[in-house]
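Enquirer: Give me a 3D structure for the following:
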Amino acid sequence: MSEGETEMVATRVRDLSEADWYRLVACAKGQVEPDLVVRGGTVLNVYAGELMQADVHVIDGRIAYVGTRPYTGEQARVLDATDRVLVPGYIEPHAHPFQFYNPITYAESVLARGTTCSVNDNLMLTLNLEFGQFGRFVESMSTLPIKMAWWIRLDPQAHLPEKAYKFNGQLLGRLLKNPYMWQAGEVTDWKSWIDGDEEMVQAALQAKEFRKRIEGHCAGVSHDTLNVLTAAGITADHEAINAEDALRRLRLGLWTTLRHSSLRPDLPAILPELIPRLRNWNRVMMTTDGPTPLYLQQGYTDHLIRTAIAQGLDPITAYQLVTINPATYYGVDDQIGGIAPGRIADFLILADLLEPTPLVVIADGRVVAEQGQLVERLTAPSWPDAGLIPLQPIGTIEPDWFTVHTDASHFPVMNLTNPAIARRVDLPVEPIAGRLDGVVEGSDDLCYVSLLHREGQWVCNGLLRGFATTLAGLASSFTGAGELVVIGRNRAAMAVATERMLALGGGIVIVDDEGQVLFELPLRIAGAMGEQSVDELGAASSRLADVLRAQGHTHYDPIYTLLFLSSTHLPELRLSSAGLFEVKTKRILHPARRLVKASEML
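Expert: Next comes the predicted model:
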């Protein structure tokens, strides 16, 4: 068996040994003392959809008894929940735990607010880790009080020919054997899949064989295409943006995840129309879909519940959407998702059902947070030992690397219409000696934009409209391709920003025309994630937005813009290692070029 490979077992949350089973049953009978008793509270029973008075007895991290039997022992820790409400721990079914924060700081932030299970994207880890390293990392995260499960990407969400080996069907199938890999997806390049891409088909069929879910990314698809995707094996989707979208998915048998994120705060657009039309909410979930650090300052899954209730959703239903429903979707409802005997003791104590931010968070049968603060810290791995090392300087960055070379009379410009969408606009140009040096200087809303290999082997150059009007130079290693995005109107400043960013070990740097630093944020974990707390990253995100706004940036979520400029699941024109990539036709409109460093010319 290869390093990092695990024999196929069922989806796992926590193992129950024979000895633990005997103690659990004995405690349920009242023959063995519990470790924890929460008494006097009102329990939200998500199975029956009702509130009931009940005490909860816990032993060895599991619930042994729910009812009115009085506790008369002396060994258990007793919590008085009189006039309080007990609800199951929240489950986030679709997380991206690397939006500047890292999986540990993310886990700390959301666990303190009641999320006791998170099913996570693996993309940033896959781009930076080999198979064995990723497997060991997943195993190390499995011991946290918050349950950290994962999904496996079938496609890289970027045009990365040199990294395609990480997305071959055999490798993905081996990863899906891991019991902490709960699903395949989200499938962004679904067209290649249904057109018969051999690697994607092989991996998807193995996911079905292992009884793992396959999540789609079915943004804007027609009814007929949704039929094809459902027939192919998609089990859930989170891209509904209105009530009709949600109903279309539900009618075809898909689990439908309603999104309310920093990029797409969709609940107010969906729920008022969906509530009077939908009679069965059992196959509906909610997600924050990778919120930025600023979003997390207002809450996480608790914010979803609060928003849903404010839009008129029945409170009990709102809680079911983030507890029993995702647990049932992933096939782990016998272990999490409700307050019932035999379940893992993940539950929350609330002041009131209408206030979803918990007073107390109980995970694995012990109190882990009170009043929004963790009472036990989560242990972070050694990131370098895990294989997630800081970026390294690559010597002098030449301003000419960012020059656009062309002899064409028209050039395809990336026109940024919102934080995520870059439409193609063919701009008439007059190259001088095969270069477009004067095009940016002669415009008030164009920037040079480049995707630069992190070791300086190649560069993809283009023009970007609608990002900023006076930006001299910005460099970011926070990208969907795992390479470097460089933007600006001054190529010398772009070079300075890139050198400074690499000297930090990765992150984001903005400089002015004189090369003076206006903003910098180190992201030293593989150049994509920071070691700072979520609160610190939230403050930094606010400063980033302010600095960009002063440079003429008008969009509301620049973090996602930097992430998505190289992400080929979005319209229409993207940066790639091969060149400017037209998403719909999968054509390279302007090629990337190999770089020769000055030191290599000696």
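Enquirer: buried ones in whatever helix or strand Gly135 lives in?
Expert: Taking DSSP states H and E as the definition, one finds Gly135 inside helix 131-141. Neighbour counts using 16 or more other C-beta atoms under 10 Å place Phe131, Gln133, Phe134, Gly135, Arg136, Phe137, Val138, Met141 of helix 131-141 among the buried residues. For the C-beta atoms, the positions are set from N, CA and C on the backbone; glycine is no exception.
Enquirer: count of residues packed around the residue nearest to Leu416 when sequence neighbours are not counted?
Expert: With sequence-adjacent residues excluded and distances taken as C-beta to C-beta, 6 or more residues apart in numbering, Leu416 is closest to Gly466, at 3.8 Å. Close neighbours of Gly466, defined as other C-beta atoms under 10 Å, add up to 22.
Enquirer: Could you do Ala48 as well?
Expert: Applying the criterion other C-beta under 10 Å, we find 10 residues in the vicinity of Ala48.
Enquirer: Over to Arg524?
Expert: Neighbourhood size, Arg524 [other C-beta under 10 Å]: 22.
Enquirer: My guess is it contacts Gln532. True?
Expert: No - using C-beta atoms under 8 Å, Arg524 is not in contact with Gln532, being 9.7 Å away.
Enquirer: Which parts of the protein belong to which domain?
Expert: Structurally, the chain divides into domains by automatic domain parsing as follows: 90-337, 399-601.
Enquirer: The helix holding Gly135 - contacts with which helices or strands?
Expert: helix 123-128, strand 147-152, helix 169-176, helix 383-386 (3 or more C-beta pairs under 8 Å, 6 or more residues apart in numbering; DSSP states H and E).
Enquirer: for the protein, which spans come out with low pLDDT?
Expert: 1-9, 597-602 (pLDDT under 70).
Enquirer: Show me the longest helix that occurs in it.
Expert: helix 534-550 (DSSP state H).
Enquirer: for the stretch 251-400 of the chain, what spans make up the strands?
Expert: Counting by DSSP state E, counting those that start in this stretch, the stretch 251-400 of the chain has strands at residues 255-259, 284-287, 347-350, 360-363, 366-370, 373-374.
Enquirer: Need the contact partners of the fourth one.
Expert: Okay, so that is strand 360-363. 36, 38, 58, 79, 89, 111-114, 116, 145-146, 345-349, 367-370 (C-beta atoms under 8 Å, 6 or more residues apart in numbering).
Enquirer: Only whichever of the residues you listed are buried, select them in ChimeraX.
Expert: In ChimeraX, this line selects whichever of the contacts of strand 360-363 come out buried by 16+ other C-beta under 10 Å:
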select :36,38,58,79,89,111,112,113,114,116,145,146,345,346,347,348,349,367,368,369
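Enquirer: Torsion angles phi and psi at the spatially closest residue to Leu436 that is not a sequence neighbour?
Expert: Nearest residue to Leu436, sequence neighbours excluded (C-beta to C-beta, 6+ apart): Val404, at 4.3 Å. The phi/psi pair for Val404 (degrees, to the nearest 10) reads phi -90, psi 120.
Enquirer: doesn't Ile432 make contact with Val404?
Expert: No - at 11.4 Å, Val404 and Ile432 do not qualify as touching, with contact defined as C-beta under 8 Å.
Enquirer: neighbour-wise, which of those two wins?
Expert: Neighbour comparison, Val404 and Ile432: the larger count goes to Val404, with 21 against 10 (by other C-beta under 10 Å).
Enquirer: check contacts around that one.
Expert: Val404 touches Phe411, Arg435, Leu436, Val439, Tyr448, Asn461, Gly462, Leu463, counting by C-beta under 8 Å, 6+ apart.
Enquirer: So which of the residues you listed are in strands?
Expert: Phe411, Tyr448, Asn461, Gly462, Leu463 (DSSP state E).
Enquirer: Tell me the buried residues within those.
Expert: Phe411, Tyr448, Asn461, Gly462, Leu463.
Enquirer: and of the contacts of Val404, the nearest to Thr42?
Expert: Nearest to Thr42 among the contacts of Val404, counting by C-beta to C-beta, is Gly462 at 58.5 Å.
Enquirer: State the distance from that closest one to Leu484.
Expert: 14 Å (C-beta to C-beta, to the nearest Å).
Enquirer: Give me the distance between Ala408 and Ser450.
Expert: 18 Å.
Enquirer: I'd say Pro356 and Arg306 touch.
Expert: Yes - using C-beta under 8 Å, Pro356 is in contact with Arg306, at 5.6 Å.
Enquirer: Compare those two and say which is more crowded by neighbours.
Expert: Pro356 (28 against 17).
Enquirer: what number of residues lie near Leu313?
Expert: By other C-beta under 10 Å, the residues close to Leu313 number 23.
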